[in-house]
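**Q** Below is the structure, and that's it, no one-letter string:
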């Protein structure tokens, strides 16, 4: 099966609550590569690449985030696949 890519912006209480840490952990569990970073706006920016079912499960995780976060809004759009080797946080 071919991989897909998504760009996701998550808003709410998503900084300084472990959101990036849990995002990396979930991506690694699902075999997803990409990156996550905080934006100056208070949002979290994510690019993720993987099998369609894994991306679907990853987006479901992001809709709720870890228990310490409060996701208010999530915008996801499909993007071209980048061939990366891991999932990183910056």
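**A** Here it is on my side, so go on. Bear in mind that the values here come from a model prediction, so they are computed numbers and not experimental data.
**Q** Which element, helix or strand, includes the nearest residue to residue 72 once chain neighbours are set aside?
**A** Nearest non-adjacent residue to residue 72, counting by Cβ to Cβ, 6 or more residues apart in numbering: residue 12, 3.4 Å away. For glycine as for every other residue, the C-beta is placed from the backbone atoms N, C-alpha and C. Applying DSSP states H and E as the criterion places residue 12 in strand 4-13.
**Q** ok, back up a step: check contacts around the residue nearest to residue 72.
**A** Taking Cβ atoms under 8 Å, 6 or more residues apart in numbering as the criterion, residue 12 is in contact with 65, 69, 70, 71, 72, 73.
**Q** The first one reaches residue 11, doesn't it?
**A** In this case it means residue 65. No - between residue 65 and residue 11 no contact is recorded; they are 10.9 Å apart, counting by Cβ atoms under 8 Å.
**Q** Could you name every residue contacting both of those two?
**A** In contact with both residue 65 and residue 11: residue 71, using Cβ under 8 Å, 6+ apart.
**Q** Quick check, pLDDT for the most centrally placed residue in the chain.
**A** Closest to where the C-alpha atoms of the chain average out (Cα atoms, centre = their mean) is residue 46, at 4.5 Å. Note for residue 46: predicted pLDDT of 98.
**Q** What of residue 1?
**A** 65.
**Q** got it, and the one 3 residues further on?
**A** On the pLDDT scale, residue 4 is placed at 97.
**Q** where along the chain do the strands fall?
**A** Here the chain has its strands, by DSSP state E, at 4-13, 33-38, 44-50, 70-79, 87-89.
**Q** Do me a favour and average the pLDDT over the shortest one.
**A** Per-residue confidence for strand 87-89 averages out to 96 on the pLDDT scale.
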